[in-house]
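> A predicted structure for the sequence below; I have some questions about it.
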Number of protein chains: 2
Amino acid sequence: MNVLIVDDEKSIVKGLKHSLEQQGYNVFAAYNGAEALEYLEKNIIDFIILDLMLPDTDGMMLCKRIRQKFDIPILMLSAKDGDYDKILGFEFGADDYMTKPFNTLELIARMKAIIRRTDRKSDDKSIVRDDLVINRNERKVYLRGEEVKLTAKEFDVLYLLASNPGRVFTREDIYSMVWKEEAYDVRTIDVHIKNIRDKIEDKNHHKYIMTKWGVGYYFNKN
Amino acid sequence: MNVLIVDDEKSIVKGLKHSLEQQGYNVFAAYNGAEALEYLEKNIIDFIILDLMLPDTDGMMLCKRIRQKFDIPILMLSAKDGDYDKILGFEFGADDYMTKPFNTLELIARMKAIIRRTDRKSDDKSIVRDDLVINRNERKVYLRGEEVKLTAKEFDVLYLLASNPGRVFTREDIYSMVWKEEAYDVRTIDVHIKNIRDKIEDKNHHKYIMTKWGVGYYFNKN
DNA sequence: AAAATCAATTAACTATATATTCAATAAAAA
DNA sequence: TTTTTATTGAATATATAGTTAATTGATTTT
């Protein structure tokens, strides 16, 4: 379990790092926002402890940016009391919040609680629909028992649609959710859809991916 | 959104109840563990605020029992500091924890954050009016249970009107909101309105889309 | 390091669903 | 009644989706 601490106060980082390592976590540190983002791009991080006050960026903005791109739980630290609604509210998407000075034991307890909570849903949930089984952890798809090899993008697109059956996604929706950036040419989705269909559908069996004309695509509910 | 407060201190219950009701929550109270369990059996509760010290049961045990039976988020309150690890840890399954005395605003912020986290996908916004159901995510319209197929533009126009019943929209309003550009010929709207009416209205049943002569159209409120 | 493989994107073309326009008719307001 | 506004159906135009192939980029193999 890899934890990233983002804080410019070296003493805090040092103390926390020590306590967390005693508990068996691998701890990494970043001393400003830019470092943090770079670190996240290059490493697999499971949990972030983020200070509100950083030398280069506003912690809340950083929190928001991290959330847009990564699905990693964040516990925010702040020196002053009273910002709970902003931090915990809908805008920035932190998972928990503590004020400095904090009790290290409580921080670790809160961290564990969040990890447990987010873990609950990430355990082996396969999506099953008729002849199709989509396994998220293994990133494998089975059609009538046979494995179907999808590419990374194909899998992500199919998984997005299949995990919200019936819900219509525009091409822009799909692009921003899967690619996590804004789309230049959104027709690339069409080609991916076609390739997925070629792999999981044929005329004898019913369709999984449906077209909503003028809007986008959705996964068949029936 | 129904919140159950489980606490034997009447003053706390009263204060919290007041604050939560101001925020639009429906608040229920139980003054001991037995009452709480009974309440949960008989009512639909979305969130529980649970005090650790109760006259009849130990709060942690109650938390554990609730968790075994219901999947409702729990925020625990305790008088003494220092039990975080037990409360937030794996054993009892609380989602969050605060010590008394607490800041009500922070409590509400934490509550909202937990609800948001557990809720993320349940934003299925449907408009229901008499025999008509308009599902926004699926972009589907049902009339007396039967699906009515609308084109993308038709759906957008209907959704716009139906999400503001009674409000009169000029053709220009509708055009700019749905097409997101300025209209050359707003008679286009007339044709779309006609086509929508053809699909969702007939002389036996009442009208959904009303004409405001000389102005535009609006969705029937009654 | 070069070649080969595979995935992703872009481009061009075809097919098809939908939107718009127009002109005749009907209905409502003055 | 006159005038203005709304409704309607059909034709035409436009927009969108599906398909195939070519290109680019990334990764693996030789």
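Received the coordinates, thanks. Worth saying up front: this structure is predicted, and the values here are computed from it rather than measured.

> For whichever residue of chain A sits closest to DNA strand C, which residues are in contact?
Residue nearest to DNA strand C within chain A: A:T151 (2.8 Å; C-beta to the nearest atom of the strand). All C-beta spots, glycine's among them, are computed from the backbone N, C-alpha and C. With contacts taken as C-beta atoms under 8 Å, 6 or more residues apart in numbering or on different chains, A:T151 has the following neighbours: A:N195.

> ok, now with 10 Å
If you count contacts by C-beta atoms under 10 Å, 6 or more residues apart in numbering or on different chains, A:T151 has them with A:V157, A:H192, A:N195, A:I196, A:K199.

> Show me those residues that map onto helices.
Counting by DSSP state H, those place A:V157, A:H192, A:N195, A:I196, A:K199 in helices.

> The second one reaches A:E154, doesn't it?
When you say that, I think you mean A:H192. Yes. Using C-beta atoms under 10 Å, A:H192 is in contact with A:E154, at 5.9 Å.

> Overlap of the contact sets of these two?
Contact with both A:H192 and A:E154 is made by residues A:V178, according to C-beta under 10 Å, 6+ apart.

> any idea which of the contacts of A:T151 has the most stuff around it?
A:V157 (25 neighbours; other C-beta atoms under 10 Å in any protein chain shown).

> ok, it to B:N137 distance?
Computed as C-beta to C-beta, to the nearest Å, the A:V157 to B:N137 distance reads 18 Å.

> who's in contact with the closest residue in space to A:H192 that isn't next to it in sequence?
Beyond its immediate neighbours in the sequence, the residue positioned closest to A:H192 (C-beta to C-beta, 6 or more residues apart in numbering or on different chains) is A:V157, lying 5.4 Å away. A:V157 sits next to A:150-151, A:169, A:174-175, A:177-179, A:189, A:192-193, A:195-196, A:209, A:217 when contact means C-beta under 10 Å, 6+ apart.

> which one among those gets closest to DNA strand D?
Distances from the contacts of A:V157 to DNA strand D were compared by C-beta to the nearest atom of the strand; the smallest belongs to A:I193, at 5.9 Å.

> interface residues of chain A facing DNA strand D?
Contact residues, chain A versus DNA strand D (C-beta under 7 Å from any atom of the strand): A:171, A:187, A:190-191, A:193-194, A:197, A:211-216.

> Considering only the residues you listed, which also neighbour chain B?
Restricting the residues of chain A next to DNA strand D to those near chain B by C-beta under 10 Å from any C-beta of the partner chain leaves A:K212, A:W213, A:G214, A:V215, A:G216.

> Just want the residue of chain A that's nearest chain B.
Among all residues of chain A, A:G214 sits closest to chain B, at 2.9 Å; criterion: C-beta to the nearest C-beta.

> Need the pLDDT of that residue.
The predicted structure scores A:G214 at 91 on the pLDDT scale.

> Repeat that for A:L50.
pLDDT at A:L50 comes out at 93.

> Within the sheet, what are the partner strands of the helix or strand hosting it, with directions?
For A:L50, the host element (DSSP states H and E) is strand A:47-51. Strand pairing for strand A:47-51, using DSSP bridges, gives strand A:2-6 (parallel), strand A:74-78 (parallel).

> Helix or strand next in line after the lowest-mean-pLDDT helix or strand in chain A, which one?
For chain A, counting by mean pLDDT, DSSP states H and E, helix A:84-88 ranks last in confidence among helices and strands (a mean of 69). Using DSSP H and E, the helix or strand that follows helix A:84-88 towards the C-terminus is strand A:96-99.

> out of the contacts of A:T151, which one sits closest to B:A113?
Minimum separation from B:A113 among the contacts of A:T151 (C-beta to C-beta) is found for A:V157, which lies at 30.1 Å.

> could you show me where the helices are in chain A, in order?
According to DSSP H, chain A carries its helices in the segments A:10-22, A:33-42, A:59-69, A:84-88, A:104-122, A:152-162, A:171-178, A:188-200.

> Can you tell me which helices and strands the fifth one packs against?
Helix A:104-122 sits against helix A:10-22, strand A:47-51, strand A:74-78, strand A:96-99, helix B:84-88, strand B:96-99, helix B:104-119, with contacts defined as 3 or more C-beta pairs under 10 Å, 6 or more residues apart in numbering or on different chains; DSSP states H and E.

> Dump these into JSON lines; add distance to DNA strand C and mean neighbour count as well.
Formatted as JSON lines, the entries for these read as follows, by distance: least, C-beta to the nearest atom of the strand, whole Å; neighbours: other C-beta atoms under 10 Å in any protein chain shown:
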{"stretch": "helix A:10-22", "distance to DNA strand C": "35", "mean neighbour count": "14"}
{"stretch": "strand A:47-51", "distance to DNA strand C": "27", "mean neighbour count": "24"}
{"stretch": "strand A:74-78", "distance to DNA strand C": "27", "mean neighbour count": "23"}
{"stretch": "strand A:96-99", "distance to DNA strand C": "34", "mean neighbour count": "19"}
{"stretch": "helix B:84-88", "distance to DNA strand C": "39", "mean neighbour count": "21"}
{"stretch": "strand B:96-99", "distance to DNA strand C": "39", "mean neighbour count": "20"}
{"stretch": "helix B:104-119", "distance to DNA strand C": "30", "mean neighbour count": "18"}
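
> which one of these lies closest to A:A36?
The closest approach between A:A36 and any of the helices and strands packed on helix A:104-122, judged by C-beta to C-beta, belongs to strand A:47-51 at 7.6 Å.

> Now do the same contact list for the residue of chain A closest to chain B.
For A:G214, the contacting residues are A:T170, B:R139, B:T151, B:A152, B:K153, B:E154, B:F155, B:D156, taking C-beta under 10 Å, 6+ apart as the criterion.

> what's the spacing between the residue of chain A found nearest DNA strand D and A:N137?
Ranked by C-beta to the nearest atom of the strand, the top residue of chain A for proximity to DNA strand D is A:T211, at 3.6 Å. According to C-beta to C-beta, A:T211 and A:N137 sit 29 Å apart.

> which one of the two has more residues nearby?
Of the pair A:T211 and A:N137, A:T211 is the one with more neighbours under other C-beta under 10 Å, namely 13 against 10.

> if I look at the residue nearest to A:Q23 when sequence neighbours are not counted, how far off is A:F102?
Using C-beta to C-beta, 6+ apart and skipping the chain neighbours, the partner closest in space to A:Q23 is A:I108 (6.2 Å). Look at A:I108 and A:F102: by C-beta to C-beta, they are 10 Å apart.
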